[in-house]
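S.K.: The following block contains a protein sequence and its predicted model.
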Amino acid sequence: MIYQSRPINRSRRTKREMGAIREGIHQVTSEDHPMTVRQVFYQLVSRGVIPKTEADYKTTVVRLLTEMTREEEIPFGWIADNTRYMRKPRTYSSAEEALLNTANYYRKDYWDEVDEYVEIWLEKEALMGVLYQETKQWGVPLMVTRGYPSLSFVYSAAEVIRDEDRPTYLYYFGDHDPSSVDIPRVVERGIREFAPEAEIHFEVAAVTPEQIIRLNLPTRPTKMTDTRSKKFEGESVEVDAIPPKTLRSLVRERMERHIDASTLLALQLTEAAERASMVNFARTFDHGR
């Protein structure tokens, strides 16, 4: 398929055609959420609902998603947007509330008894909400680079790896284009430079050439203005093109290499019991004052 950067000269869509697109959007988002707007676009393209054009992304998908969430056809929680957020210190009305909040957010370190240390690295901040669903469950760090990471970010990551003092496995998720395929090289080189004694295993988990073929992922033309394009072959593919369920399963598959599902379940049951004890203590603490 050819990715059009300019609007296609075509007649205005009929009410029936727009209704079909809205139905497609609802079906895609209800089957798997949260999703970024870009992911919704690629899923509609893959299903033949809309053409693969930037115009359809901006003027059709973005506009209809805005309308459908405002009209409550789609819950706001189904659309992920981690590029905008508010900062505010957490405050409490009482000590009991603070203790209960701590208990509710208590997480056991599943990796205390594991011989390896694991991190998931992600190029795009917009996809953080999609992958975090899985990394949160497994209790592993999600490292978001937002393109090329700063030197200080890489150094801080290397410091953690040095302190862990055990074999480290880094799994990277990013686009397949001239610059994006270079980012993992920069990350790995920096980590190895600042943690020279660490045993590091680095893997690009997505997007890979094999995935492009196997998943029949939508492509886009490679930007020839990118100085790295001369050594890059083929068209580019965004990580957003991979269905959210598949992305999360790729994370899960990497985690299961280090902790099996039965061990994870046992740890989660222990965690739940410890959390209940903390809640009980919080209530006893307040009543005893």
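M.R.: Perfect, I can see it now.

S.K.: where exactly do the helices run in the stretch 151-289 of the chain?
M.R.: 151-164, 183-194, 209-214, 244-255, 261-287 (DSSP state H, counting those that start in this stretch).

S.K.: no, scratch that, I was asking about the stretch 1-150 of the chain
M.R.: Assigned by DSSP H, counting those that start in this stretch, the helices in the stretch 1-150 of the chain fall at 15-31, 37-46, 54-55, 62-70, 95-104, 128-138.

S.K.: In TSV, list those along with distance to Val186, mean neighbour count and mean pLDDT.
M.R.: The C-beta positions use only the backbone N, C-alpha and C, and glycine is treated the same way. Output for the helices of the stretch 1-150 of the chain, formatted as TSV (distance: least, Cβ to Cβ, whole Å; neighbours: other Cβ atoms under 10 Å; pLDDT from 0 to 100):
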stretch	distance to Val186	mean neighbour count	mean pLDDT
helix 15-31	34	15	93
helix 37-46	23	22	92
helix 54-55	28	14	88
helix 62-70	31	15	90
helix 95-104	38	15	85
helix 128-138	20	19	93
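
S.K.: Spit out the contact partners of the closest residue to Arg47 other than its chain neighbours.
M.R.: Leaving aside its sequence neighbours, Arg47 sits nearest to Gly24 (Cβ to Cβ, 6 or more residues apart in numbering; 6.5 Å). Each residue near Gly24 by Cβ atoms under 8 Å, 6 or more residues apart in numbering is listed here: Leu44, Arg47, Val49, Ile50.

S.K.: what do you get for Ile161?
M.R.: Contacts of Ile161 (Cβ under 8 Å, 6+ apart): Tyr117, Thr168, Ile191, Ala195, Ala198, Ile200.

S.K.: Those residues: which two are farthest apart?
M.R.: Tyr117 and Ile191 (12.0 Å; Cβ to Cβ).

S.K.: doesn't Glu274 make contact with Tyr106?
M.R.: Yes - checked against Cβ atoms under 8 Å, the pair Tyr106 and Glu274 is within contact range at 6.7 Å.

S.K.: re earlier: quick one: which of the contacts of Gly24 has the most company?
M.R.: Leu44 (23 neighbours; other Cβ atoms under 10 Å).

S.K.: quick one, which of the helices of the stretch 151-289 of the chain is nearest to Glu123?
M.R.: When the helices of the stretch 151-289 of the chain are compared (using Cβ to Cβ), the closest one is helix 183-194, at 6.1 Å.

S.K.: hey, C-alpha coordinates of the closest one in CSV?
M.R.: This file holds the C-alpha atoms of helix 183-194, laid out as CSV (Å, rounded to 0.1, in the frame of the first residue of the first chain):
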residue,chain,number,x,y,z
ILE,A,183,17.9,4.5,18.7
PRO,A,184,18.4,1.0,20.2
ARG,A,185,22.0,1.1,19.2
VAL,A,186,22.5,4.5,21.0
VAL,A,187,20.7,3.2,24.1
GLU,A,188,22.6,-0.1,24.2
ARG,A,189,26.0,1.6,23.6
GLY,A,190,25.3,4.2,26.3
ILE,A,191,24.2,1.6,28.9
ARG,A,192,27.3,-0.5,28.2
GLU,A,193,29.5,2.5,28.4
PHE,A,194,28.2,3.6,31.8
